[in-house]
Every structure is written in C-alpha cells, then in structure tokens.
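*Asks:* coords below, sequence missing:
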DNA sequence: TGCTATATTTTGACGCTGTCAAGATAGTTT
DNA sequence: AAACTATCTTGACAGCGTCAAAATATAGCA
C-alpha cells in the first residue's frame, strides 16, 4: 500500500534524515527546505507527509521515546531497585541518554513541543505512559514492603524525575560544563533519594 | 554623554521594550524588526546598540538576573537555613520566580544563550556568582556546625539546584501541568534535602 | 562662528525561512 | 479507457537576521 511510486517511502526517510540533521547540527539547523533537497525532493514535498514542521518534530520525538524506553527497560531488573546499585543504574542511565542524544532529549522533554499544546496524540500517550510507569514502580516498592507506606510515591516520582531532568538539562544546555563531575553528581543524587526513601518511617 | 540626540536613550528602551514583548509573546515572538518599528525606529537601528540579536537577549537575561537576586536575597536570612522553613523559603522562592517570569527564566537558564558560548562577560560573571553563592552558603553551614563535614557541599549545591531547576523547567515547559501540586512538590523536595543533610553523619 | 570627526539612523539589498495555491504527474480503481 | 486519488513540483508571499552604503545630527575644535 504505502509503496513508493515517485520516491521511496518518503515519510520514513524524512524522519530519519531529519533526525540525522538534528543530531549533527541541532534543532536550529533543521529547515524543511534543506531537509527536502537533502533527501532529493522539492521544497514542499514533505508537506504531503507532515502537516507542519511541528508535526515532523513530534514524529522525531516519538522515535526518541522508543530509543529511550529500549535503553531504560533493562535497567529496572538488574538490581534491588531500592538500593545504591539499583538507583544508580536508573539515574546514570537517564543522564547518559540525555548527554548522548541531547537533541532527542531536547525534543522529547523541551518546551518547544510541549508548550505548543499541539502534541500528536500518540506522542502524548507515550510520554505520559513513561512517567506513569515511574510512579507505578515506586508504588510497587510499597506493595513489596521495600519502602514505607507513608511516602507519597507520586511526589517522590515527580521530585526525583525533576532532579534527573534538572541535571540533564543543566548539562546539555551547557550550564554545568564539567563532564567529569557527572558520575559524582549522580551518586549524590542517589544518596539523596535513598536517605529520603529509607528515613521517612514516621514523617507525617 | 550617553544622551540622546535622535531618539531618547534607545539602548535602554530597546531592552525594556524587548523584555515586554518577550514576556507577552515568548522569545519566539521577538523579532528585531518588530521591536524596532514598535519602538519607532527603522529596522536596523538596534544594530548600533547591539551587535546581534543574541547580544540583546544577553542584556535581557542580565536584567533577569538582577530581578532574580533581588527576590532571592532576603530569603536566606528569614529562618534557620537548615530547617524545613528555611529550605522551603528558598525552594518555593526559586520555583515561584521561574513560574512567574518564565521567559526571563528561559533566557537566563536556557540553552539558547549558554550553548552558544557567546555570553557577555558580565552575564557569565553574574551567573557564576549566583551559583558560587549557593555553594558558599552550604559551606558556611559546615563552618557553623549545622551540617556534617563529610557532606560534599559542592555536590549538594549542584544536585539541589538541579532539583529546583528540573521542577521549574518541567513546569514552565508545560510538562508538569498541575499547578496545584507545586507547593506539595516543593515540600517533598525540601524533605529530601533535609533528610540528606541531617542523616549523612557517616556516609563515607 | 565654521569644519571636521564621530555617533546615530535610514534605505536598499541578500539569502534564508515556513507554508500556501495551482498545476503536473504517476498510480489505483472502476 | 476514464475517473479518481496520492504524490510531487513550480511559483509566490510575507517574514526573518543582518550587511553595506548613504544620510543625518551632534560634539569638539579652529
């Protein structure tokens, strides 16, 4: 059905070529016209596959979420989740994704797409599910008796995600520049999460 | 000296008018041409006061840092700094600035300016000093015996700043949308900082 | 005062951008 | 073969940042 008669599966090729450009030159370096000519079609051809530049970016972000999930999935079962090793895997894995694919991260968790309120439905679903999974995992720790019931797991998920997001952003935006400190920062963050999870037996 | 003969202190008027536009329509809504005509001069007049659009943005960011510092200064002396109240003042004050002036925050702590490596010298100085002050404050807590010497205050400052930055970004970028949860999230973050600062007597 | 040097502003232009409208072409369906 | 649809192209428009050259206004100095 979606064979190609003029070109060859342009839709997909646009996404992957655009992703390449964005990884090489940043989001600012991607223009619809350049993308089109680089892929070998006329300037406006892409507009028959994506209503907008915005829609194209959403598609790339969605691809980013797939990579993100693939990288993240295995980390959760490799160690006791509420332990130094377990949390380090998750935190360092998160920051590593952000620093390794900063342009993907920008698209996925940056204001450009989210502030517009014009996310693709599928992208929105994928993002929400990503966060919900984080909350569910923490809730499971409670069920399993690994952490106290008094802990508000939603708030924990929000704040710990914020910390990971904050570190990632400060790094990829060039505000924290000392790359050698990343490991150590992650360790400190893990210590923070751990003391919070373990020492909150009777907080309320 | 810097009086005006054609206009009336254009330099300053450009900054404040640009800041107004940016607060109203976001950074994307600011164009040099529109700014110029809105201020009553020709399109290229601003280029004799700012080499670049980039340089104009730096000037606005710098103004943002002034507001930021003014808002932050009084918060540090209003309560015991290593206590629930003390930390809440700082954390909530930070997030409140970000949500109240999201466009300023974007400029000051967003990748646009920092990734370019073309910050104004004065802007860079002001930003670094802002962060150094945070570290110095934590070091003083050690001197005063409020927290244990084994704590790496640089790492604590980096991670706690990351948390505040992460919350702020997630909020102003439209990823966390539930505004009513802000207070509660800040409380949780404070709990996290506090348990870390108080329960680390023999961590190393 | 008048002359020159400098600071400020304007007009015109270039190449770039996202995207719309109309027309051409190739493939599918009947 | 005819009608229809999906895909692609050409042409155009308004907007952008910014450079070069020309115009204008002020200041310093004779």
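*Replies:* Thanks, I have the structure now. Values in this document were obtained by computation on a predicted structure and should not be read as measured data.
*Asks:* where does pLDDT dip in chain A?
*Replies:* A:1-8, A:200-204 (pLDDT under 70).
*Asks:* max-length helix in it?
*Replies:* helix A:121-143 (DSSP state H).
*Asks:* tell me how far that one lies from the chain's centre.
*Replies:* On the basis of Cα atoms, centre = their mean, to the nearest Å, helix A:121-143 sits 13 Å off its chain's mean C-alpha point.
*Asks:* can you tell me the element the residue of chain A found nearest chain B falls in?
*Replies:* Closest contact between chain A and chain B, by Cβ to the nearest Cβ, is at residue A:166 (2.8 Å). Yep, even glycine has a C-beta here, placed from its N, CA and C like the rest. Assigned by DSSP states H and E, residue A:166 belongs to helix A:153-172.
*Asks:* same question for residue A:82.
*Replies:* Using DSSP H and E, residue A:82 falls within no helix or strand.
*Asks:* roughly how far apart are the closest residue to it other than its chain neighbours and DNA strand D?
*Replies:* Nearest in space to residue A:82, with sequence neighbours left out and distances taken as Cβ to Cβ, 6 or more residues apart in numbering or on different chains, is residue A:146 at 4.5 Å. In this view, residue A:146 and DNA strand D are 51 Å apart by Cβ to the nearest atom of the strand, to the nearest Å.
*Asks:* give the contact list for residue A:146.
*Replies:* If you count contacts by Cβ atoms under 8 Å, 6 or more residues apart in numbering or on different chains, residue A:146 has them with A:80-82.
*Asks:* CSV for these, including distance to residue A:67?
*Replies:* Putting the contacts of residue A:146 into CSV (distance: Cβ to Cβ, whole Å) gives the following:
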residue, distance to residue A:67
A:80, 26
A:81, 22
A:82, 27
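*Asks:* possible to save the residues you listed as JSON lines with neighbour count?
*Replies:* JSON lines is the format used below for the contacts of residue A:146 (neighbours: other Cβ atoms under 10 Å in any protein chain shown):
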{"residue": "A:80", "neighbour count": "10"}
{"residue": "A:81", "neighbour count": "20"}
{"residue": "A:82", "neighbour count": "16"}
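*Asks:* can you map out the helices along chain A?
*Replies:* Under DSSP H, chain A gives helices at A:10-25, A:32-39, A:53-72, A:84-100, A:102-109, A:111-114, A:121-143, A:153-172, A:182-198.
*Asks:* neighbours around residue A:61, how many?
*Replies:* 26 (other Cβ atoms under 10 Å in any protein chain shown).
*Asks:* so residue A:194 touches residue A:87, yeah?
*Replies:* Yes. Using Cβ atoms under 8 Å, residue A:194 is in contact with residue A:87, at 6.3 Å.
*Asks:* so between those two, which is more surrounded?
*Replies:* Higher neighbour count among residue A:194 and residue A:87: residue A:87, with 23 against 19, using other Cβ under 10 Å.
*Asks:* is residue A:91 in contact with residue A:166, as I believe?
*Replies:* No. Counting by Cβ under 8 Å, residue A:166 is not a contact partner of residue A:91; they are 11.8 Å apart.
*Asks:* comparing the two, which shows the higher neighbour count?
*Replies:* Per other Cβ under 10 Å, whichever of residue A:91 and residue A:166 has more neighbours is residue A:166, with 26 against 22.
*Asks:* stretch A:41-51: how far from the chain's middle?
*Replies:* Computed by Cα atoms, centre = their mean, the chain-centroid distance of stretch A:41-51 equals 27 Å.
*Asks:* next one: stretch A:16-27
*Replies:* Computed by Cα atoms, centre = their mean, the chain-centroid distance of stretch A:16-27 equals 16 Å.
*Asks:* next one: stretch A:168-175
*Replies:* Relative to the centre of its chain, stretch A:168-175 is centred 14 Å away, using Cα atoms, centre = their mean.
*Asks:* stretch A:155-167 now?
*Replies:* Between the centre of stretch A:155-167 and the centre of its chain there are 13 Å (Cα atoms, centre = their mean).
*Asks:* contacts for that stretch, please.
*Replies:* With Cβ under 8 Å, 6+ apart, stretch A:155-167 has contacts from A:91, A:94-95, A:109, A:131, A:134-135, A:138, A:176, A:182, A:185-186, A:189, A:192-193, A:196-197, B:158-159, B:161-167, B:169-170, B:176, B:181, B:184-185, B:187-189, B:192.
*Asks:* now which of the residues you listed would you call buried?
*Replies:* Among those, the ones that count as buried by 16 or more other Cβ atoms under 10 Å in any protein chain shown are A:91, A:94-95, A:109, A:134-135, A:138, A:176, A:182, A:185-186, A:189, A:192-193, A:196-197, B:158-159, B:161-167, B:169-170, B:176, B:185, B:187-189, B:192.
*Asks:* now do the contacts for the nearest residue to residue A:53 once chain neighbours are set aside.
*Replies:* With Cβ to Cβ, 6+ apart as the criterion, residue A:53 has its nearest non-adjacent residue at 5.5 Å, and that residue is residue A:32. The neighbourhood of residue A:32, defined by Cβ under 8 Å, 6+ apart, consists of A:43, A:46-47, A:53, A:56.
*Asks:* what about residue A:30, how many residues close to it?
*Replies:* Counted with other Cβ under 10 Å, the neighbours of residue A:30 add up to 22.
*Asks:* brain fart, residue A:177
*Replies:* Other residues lying near residue A:177 total 10 when counted by other Cβ under 10 Å.
*Asks:* from residue A:170, how far out is it?
*Replies:* Separation of residue A:177 from residue A:170 (Cβ to Cβ, to the nearest Å): 9 Å.
*Asks:* does residue A:18 touch residue A:34 like I think?
*Replies:* No. The pair residue A:18 / residue A:34 is not scored as a contact, 9.8 Å apart, by Cβ under 8 Å.
*Asks:* the more surrounded of the two?
*Replies:* residue A:18 (25 against 14).
*Asks:* quick one: residues contacting the nearest residue to the more buried one once chain neighbours are set aside.
*Replies:* Spatial nearest neighbour of residue A:18, excluding adjacent residues (Cβ to Cβ, 6+ apart): residue A:35 at 5.4 Å. Residues near residue A:35 by Cβ under 8 Å, 6+ apart: A:14, A:17-18, A:21, A:46.
*Asks:* what do you get for residue A:60?
*Replies:* Applying Cβ under 8 Å, 6+ apart, one finds that residue A:60 lies in contact with A:15, A:18-19, A:22, A:104, A:107.
*Asks:* I appreciate the help and will end here.
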